[in-house]
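compute the structure for the input listed below.
(one chain, ligands or ions: 1)
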Amino acid sequence: MRVSDDRYSRDLQRLNLAMRFIHHEARTQTIRAWTGLTDDRIRKLYRTYVSEAGAAAVPRHRGKSPQQAAYFSRTPRLQLETGTLASYLSMLNVVPPHGAREGFRSVASIARGQALCEAYEMYRSVVRCAQISFEHAVFLVRALCQGDELRLGNCVDCDSVVVVDRLSLRDSRCVPCSAASARREPANPNRRVA
Ligand SMILES: [Zn+2]
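Coordinates of the predicted model:
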């Protein structure tokens, strides 16, 4: 492949990824960070997208991107959905295996961005009325790659993928197993461990 072809193909990948991010209602700063496109090119792409899809199809989000790791454990439902999303992110290698940590700069790339879109689309296709926005999914990827606050783990009872708060001292359990364990434990406080 000649240099100009190679450059053209990379540019096309960038544009396709930006369009996919726009479709998922990503903010401009997120699109810029993951594609390296300028704000001006992103605005033009956005206009193209709106003229094709219709303005109503693309609500514009402004302001800061999500930044709170606690969001993912706010309700049992969010915990459950986070586990589902995380298992797709892990399956498609969007986030590194347990324990690997990456620097802030190396997280966002075109290849990872494409895999992230695929994982997010799979999550949306299996979860009815999904609550986790694409921006939150992007934040989750960054947090899991950096590993300061959140990491991937496995439920101690059923081995399914869970997102674990690094500061929490509790055993990591998925939502169904922690509900089952809560039902078991208070039943008999004097229960002897065999
Ligand atoms: Zn479990």
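
against the ion, how distant is residue 174?
Noted for residue 174: a distance of 3 Å to the ion, by C-beta to the ion, to the nearest Å. Glycine gets a C-beta too; all of them are placed from N, C-alpha and C.

isn't that residue up against residue 159?
No - counting by C-beta atoms under 8 Å, residue 174 does not reach residue 159; the two are 9.1 Å apart.

more neighbours: those two, which one.
Taking neighbours as other C-beta atoms under 10 Å, residue 174 and residue 159 compare with residue 174 leading, 22 against 10.

helices along the protein, start to end?
Secondary structure of the chain (DSSP state H): helices at 3-23, 28-35, 39-53, 76-91, 110-126, 134-146, 175-184.

so what touches the shortest one?
Pointing back at helix 28-35 there. 14-15, 17-18, 21-22, 37-39, 42-43, 65, 108-110, 113, 135, 138 (C-beta atoms under 8 Å, 6 or more residues apart in numbering).

can I get the CA coordinates of that helix in CSV?
The C-alpha coordinates for helix 28-35 follow below in CSV (Å, rounded to 0.1, in the frame of the first residue of the first chain):
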residue,chain,number,x,y,z
THR,A,28,-17.3,16.8,20.8
GLN,A,29,-14.4,16.6,23.3
THR,A,30,-14.8,12.8,23.4
ILE,A,31,-14.8,12.5,19.6
ARG,A,32,-11.8,14.7,19.4
ALA,A,33,-9.9,12.6,22.0
TRP,A,34,-10.6,9.3,20.3
THR,A,35,-10.3,10.3,16.6
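
what about stretch 151-160, how long is it end to end?
Taking C-alpha to C-alpha, to the nearest Å, the first and last residues of stretch 151-160 lie 14 Å apart.

if we look at it, which residues are touching it?
83, 86-87, 90, 95, 97-99, 144, 161-164, 166, 171-174, 176-177, 180-181.
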